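Asks: would you be able to build a 3D model of this:
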Amino acid sequence: MAKKTNTKITTPTYSYSRDIVPKSLAVTRSDVQVWKSALAMAQNADSPKMFPYYNLVSDILNDAHLTSQIQNRKLKTMASEFSIKDPSGKVNEEVTAMVRKSKWISPES
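Replies: Next comes the predicted model:
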């Protein structure tokens, strides 16, 4: 007669966390068609899909050249001379001076 052995039958424990692999988003050059498609999906009134649009905006903000160009335009606009006129077309010096000194226009104030 055969000897009994102490064999323990165990069910394997399965961890799903080891199967979940984080994926990186592909960095690709966005062309006009990708931009139009992402914008159309975001503006869809019935079922807007914002993820492609958010990815596009994120890519734009990470582009060093484009970011510097946007900053250059902002600085040039803020540094330009302006005046505020009343409905008759006369320059309102008081309001113009107040706006020029505001923190929105003049960063040193």
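Asks: contacts, neighbours, all on C-alpha from now
Replies: Will do.
Asks: where along this structure do the helices fall?
Replies: Per DSSP state H, the chain carries helices over the ranges 32-42, 51-62, 64-79, 93-101.
Asks: could you dump those helices into CSV with mean pLDDT, distance to Pro87 and mean neighbour count added?
Replies: Below are the helices of the chain laid out as CSV (pLDDT from 0 to 100; distance: least, Cα to Cα, whole Å; neighbours: other Cα atoms under 10 Å):
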stretch, mean pLDDT, distance to Pro87, mean neighbour count
helix 32-42, 90, 38, 14
helix 51-62, 88, 39, 14
helix 64-79, 88, 24, 12
helix 93-101, 90, 13, 13
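Asks: these into TSV, with extra columns for distance to Lys85?
Replies: Shown next, in TSV, are these (distance: least, Cα to Cα, whole Å):
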stretch	distance to Lys85
helix 32-42	37
helix 51-62	36
helix 64-79	18
helix 93-101	8
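Asks: contacts for stretch 36-49?
Replies: 50, 52-53, 56 (Cα atoms under 8 Å, 6 or more residues apart in numbering).
Asks: hmm, try it at 10 Å
Replies: Applying Cα atoms under 10 Å, 6 or more residues apart in numbering, the contact partners of stretch 36-49 are 32-34, 50-57.
Asks: stretch 90-107 too?
Replies: Outside stretch 90-107, the residues within contact range by Cα under 10 Å, 6+ apart are 75, 77-79, 81-86, 108-109.
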